[in-house]
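Engineer: A predicted structure for the sequence below; I have some questions about it.
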Amino acid sequence: MANYSIAGAMRSIPVDIEIRMGTHNHRIRGLWVGQREGEYLIIDLPKRYNWLDIQNWFTNCTAVVLRGVLREGQVFAASTQFIGLVPRPFRQLILTAPDSMQERSLRKVPRVAVDIDAKLTFTQELPRPKEVPEHFDSLAGRVTDLSLDGIAFESVADFDFPREAFLGQLADMVFVDQQGKTIARVIGEIKSCRQAGDKLFQFGLAIDTKNRDYRASLGALILSSKHIQAMLQDND
């Protein structure tokens, strides 16, 4: 990719940072917040990482690989080198600007396989279908794939109303991390609901392609899944 500038694209880009040590690697998360064209990149680092570990890893690494998703839907991977660390006022990592980036367009891949915990419930903005009892709260499950305009969700459930009640309804999809913290939230229309097993139900949700919040969070959502890491490894 000739032009990897974030200028005009977004204020920051969530990135996965692979620190290659020769015999083993470390992975951390960061936020690509700036750069000097052709010279260096600036990455903000979260405070949850031990600063002494960070210093040791980067000063002894052989290479650093950045991976992320641009707002336009480009999955990128780039090899770079460590320059330095800034502890204050913000923890920042300085890397050499890569000569090039390998990329893959999500628009050429209709759906990207993921594995993200999630919860589906009827949106509060509209009355729930008459077939759905008041005690029904939500379905816990996982999102199995994502695209720019849709989400696949599955849940092991035992609800006492016809599954057809879901069809055509607006629903809230809440994505959560392994600690139960909300990563993102989006409203979609339930287009399909099929029973794939004894109590396994699979849902398809359509997302408004003009939903900027969803598009802005798509990169972080994809990076939160182990599946995208395997796909990006193929680009190294």
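Structural biologist: Cool, got the structure. Numbering: from 1, shown residues only.

Engineer: Can you give me the buried ones in the longest helix along the chain?
Structural biologist: The residue-count maximum for a helix in the chain (DSSP state H) belongs to helix 212-223. Neighbour counts over helix 212-223 (16 or more other Cβ atoms under 10 Å) mark 214-215, 217-223 as buried. The C-beta positions use only the backbone N, C-alpha and C, and glycine is treated the same way.

Engineer: Quick one: mean pLDDT for stretch 183-190?
Structural biologist: The predicted model assigns stretch 183-190 a mean pLDDT of 88.

Engineer: residues making contact with it?
Structural biologist: Residues outside stretch 183-190 that contact it (Cβ atoms under 8 Å, 6 or more residues apart in numbering): 116, 123, 125, 150-151, 166-177, 203-208, 211, 213-214, 217, 220-221, 224.

Engineer: Any chance of a PyMOL selection covering the buried ones in these?
Structural biologist: When burial is assessed using 16+ other Cβ under 10 Å, the buried subset of those is captured in PyMOL by this command:
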select buried, resi 116+150+151+166+169+171+172+173+174+175+176+203+204+205+207+211+214+217+220+221+224
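
Engineer: now, which of the contacts of stretch 183-190 lie within strands?
Structural biologist: 116, 150-151, 170-176, 203-206 (DSSP state E).

Engineer: now those as a markdown table including pLDDT and distance to residue 89?
Structural biologist: A markdown table is the format used below for the ones in strands among the contacts of stretch 183-190 (pLDDT from 0 to 100; distance: Cβ to Cβ, whole Å):
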| residue | pLDDT | distance to residue 89 |
| --- | --- | --- |
| 116 | 91 | 33 |
| 150 | 88 | 41 |
| 151 | 92 | 38 |
| 170 | 86 | 43 |
| 171 | 87 | 42 |
| 172 | 89 | 37 |
| 173 | 91 | 37 |
| 174 | 92 | 33 |
| 175 | 92 | 31 |
| 176 | 89 | 31 |
| 203 | 92 | 45 |
| 204 | 89 | 46 |
| 205 | 90 | 41 |
| 206 | 88 | 44 |
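
Engineer: what's the farthest-apart pair in those?
Structural biologist: The span of these, defined through Cβ to Cβ, is set by 176 and 206 at 21.5 Å.

Engineer: Give me the domain ranges for the chain.
Structural biologist: Annotated domains of the chain cover 13-105, 112-223 [automatic domain parsing].
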